[in-house]
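1. Attaching a predicted model along with its sequence, questions to come.
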Amino acid sequence: MTAASAAPVALPWRVLGAWADLRGSMRAELDRAPGEPRLLAYVMLSGLIWFLGRVLVVEFGPLAPTLGPDEAIKRIAAEFVGSIFFRTLAFYGVAALAGAVAMKLGGRGSWRDSRAAMFWAALVAAPVTLAGTLLSLLLAEAPGQAGLIAGMIGSVAFAWAAAHCIAEAHRFASLWRVLGVVALSAAAFVGGLLLLVSVL
């Protein structure tokens with residue numbers, strides 16, 4: 001019996017349970033044959049969780065004491081637009097790049113599989129990213145680099161999840177090639193975000 005034919009599992013439990021078997025969770029999602037609306041929902045939901053983390057940064061981050069109420073509201077509004085709309089567009093670009101590189105390296109997945117891999121990885125990593133953001137704020141006054149390291153947890157979690165998901169979507173046996181794909185995609189994603197921030 002495949003994961004798709006088993007009893008339905010609520011999305012929050014699928015997201016949390018994915019960490020027990022990232023490749024297996026990706027295979028289960030592909031077996032569900034998700035259409036574009038579902039994939040779009042995945043990446044936008046991950047963006048909403050990302051937005052919650054950005055709100056925490058605006059409200060409790062180092063610059064929070066210097067922001068007046070109006071400025072804080074403007075920043076939160078800008079974070080919402082960036083998290084839901086621009087981040088979603090950036091993920092479509094990253095998924096296309098990751099798929100193209102994976103196919104050049106012998107991957108056998110489709111363009112839809114590439115989007116499913118990146119969007120599912122984004123959703124799976126989103127709660128970890130939120131937890132890392134909260135932890136970085138709690139450790140902001142801690143000595144050393146504890147806060148900075150905590151803030152990187154989400155990026156590491158996404159890279160690890162994306163590597164497994166792309167490996168499964170494109171039927172790679174090893175993660176090494178896929179880690180290269182993820183590294184290139186992450187660089188493109190960061191560059192895209194910096195470009196978008198400079199435009200806003």
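-> That came through, no problem. Keep in mind that what you see is a predicted model, and the values were worked out from it rather than measured.

2. A140 in helix, strand or coil?
-> Following DSSP: H, G, I helix; E, B strand; the rest coil, we place A140 in the coil state.

3. What about D70, how many residues nearby?
-> For D70, the tally of surrounding residues (other Cβ atoms under 10 Å) stands at 8. From N, CA and C alone the C-beta is placed, and that goes for glycine too.

4. Tell me how far it lies from F85.
-> Using Cβ to Cβ, to the nearest Å, we find D70 at a distance of 22 Å from F85.

5. Same question for P62.
-> P62 is 26 Å from F85, by Cβ to Cβ.

6. Equivalent analysis for V55, please.
-> 16 Å.

7. Could you check which of those two is surrounded by more residues?
-> For the pair V55 and F85, the greater number of neighbours falls to V55 (17 against 13), based on other Cβ under 10 Å.

8. quick one: which helix or strand includes that one?
-> helix 36-60 (DSSP states H and E).

9. Then A150?
-> Per DSSP H and E: helix 146-151 holds A150.

10. For W19, grab the count of nearby residues.
-> Applying other Cβ under 10 Å, we find 16 residues neighbouring W19.

11. orientation of the helix or strand containing V101 relative to helix 36-60 in degrees?
-> Taking DSSP H and E as the criterion, V101 maps to helix 87-104. Put simply, helix 87-104 runs at 120 degrees to helix 36-60, going by axes from the mean of the first three to the mean of the last three Cα atoms, to 10 degrees.

12. May I see the buried residues of helix 87-104?
-> Burial within helix 87-104, assessed by neighbour count using 16 or more other Cβ atoms under 10 Å, is assigned to 87-88, 90-91, 94-102.

13. Dump those to a markdown table, plus distance to R23 and pLDDT.
-> Below are the buried residues of helix 87-104 laid out as a markdown table (distance: Cβ to Cβ, whole Å; pLDDT from 0 to 100):
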| residue | distance to R23 | pLDDT |
| --- | --- | --- |
| R87 | 25 | 92 |
| T88 | 25 | 94 |
| A90 | 25 | 90 |
| F91 | 20 | 93 |
| V94 | 20 | 87 |
| A95 | 18 | 91 |
| A96 | 22 | 91 |
| L97 | 21 | 86 |
| A98 | 16 | 85 |
| G99 | 17 | 89 |
| A100 | 21 | 89 |
| V101 | 19 | 85 |
| A102 | 15 | 86 |
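
14. Fine by me, we can end here.
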